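S.K.: kindly generate the corresponding structure for this input.
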Amino acid sequence: MADAKNAKIRTSLCENLDPNGLRTSLRENLDSLKNNMLSMIIPTLNEENYLPFLLESLKKQKLDAEFEIIVADAGSEDKTIDVAKSFGCKVISGGFPAKGKNEGAKAAQGDLILFLDADTFLAENSLEKLLKEFKEKKLDIASFCLTSFHKFHNLSYKILFNFPSLITEKFLPQAMNVILAKRNLHQKIGGFNEEIKIGEELDYVRRGAKVGKFGVLRSAKIFASPRRFEKDGWFITWLKYFLCQLHMIFFGPVKSDILKYRFNHYSQKSKNNL
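M.R.: Okay, the predicted model is just below:
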């Protein structure tokens, strides 16, 4: 009697089984395995001098969630790849920053993606703090206030980037060096625009803010190197960023080489490191 009842149940289940529903369920279960993973993506090109500082700072972070570090390299001729592998990073082929970030995102396993420039450095417990704030604010994409060990660089960040970022947070998102985004949002907006010559972060967060909730995270302390400013000049560099803003507002993203912005043209470390 029991066998007949069980057979009837099995027959009923088979008759009502939806192959598409089963595939969807399996996909959802597989995706759920990624929910607690953070993927950190670092585009590089000849970053043997700076990458160790960033990776060491990430190694020291206290984080309960599982994470991975992906280095998207654009053809380094120094020891960048060796450095990355020595820290256990996954190394893939990258390109100009936007392409490197996109390639890294394709290889990422996590549902949260943290894009980091190679010349940044995270203070102690910053990862834990930023993830907590991101979750509490129920954000989909976020940028950060930045700081520097270089006094003038730090002051210029406060006046020309951090303060404006907080003021325009609700209507004109800003971003430099570091961005945190949900994987599904990254996919929804098609990733970074690889045609942009300068300001791909601005374009990315502004497109992201149209389909998800954007915010500026204040809890993490993230340092950035002054090397570009020291190499190209403080006034010229900030002027390029300002002109980039104007171009984006009135004409759209900068896709020509009008501002002559270069990716990695540094022959040695900055005098002040980070």
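S.K.: below-threshold pLDDT in this structure: ranges please.
M.R.: Counting by pLDDT under 70, the ranges of the chain that qualify are 1-35, 264-274.
S.K.: from the centroid of this structure, which residue is nearest?
M.R.: If you average the C-alpha coordinates of the chain and look for the closest C-alpha using C-alpha atoms, centre = their mean, you land on residue 115, 1.7 Å from that point.
S.K.: mind checking the SS state of it?
M.R.: For residue 115, the reduced secondary structure class is strand; criterion used: DSSP: H, G, I helix; E, B strand; the rest coil.
S.K.: so it bridges to which residues?
M.R.: Beta-bridge partners of residue 115, counted by DSSP bridges, are residue 41, residue 179.
S.K.: who's in contact with it?
M.R.: Shown here is residue 115, whose contacts under the criterion C-beta atoms under 8 Å, 6 or more residues apart in numbering are 41, 101, 104, 178-181. Using the backbone N, CA and C atoms, a C-beta is placed for each residue, glycine as well.
S.K.: and these as CSV, adding distance to residue 154?
M.R.: CSV is the format used below for the contacts of residue 115 (distance: C-beta to C-beta, whole Å):
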residue, distance to residue 154
41, 26
101, 26
104, 28
178, 16
179, 20
180, 22
181, 26
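S.K.: out of those residues, who's nearest residue 126?
M.R.: Distance to residue 126, by C-beta to C-beta, is smallest for residue 178 among these, at 10.0 Å.
S.K.: flag every buried residue along stretch 131-147.
M.R.: Applying a neighbour-count criterion of 16 or more other C-beta atoms under 10 Å, the buried positions in stretch 131-147 are 131, 133-134, 139-147.
S.K.: what separation do you get for the residue nearest to residue 74 when sequence neighbours are not counted and residue 199?
M.R.: Here the nearest residue to residue 74 in space, its sequence neighbours aside, is residue 45; by C-beta to C-beta, 6 or more residues apart in numbering that works out to 4.2 Å. Distance check for residue 45 against residue 199: by C-beta to C-beta, to the nearest Å, it reads 19 Å.
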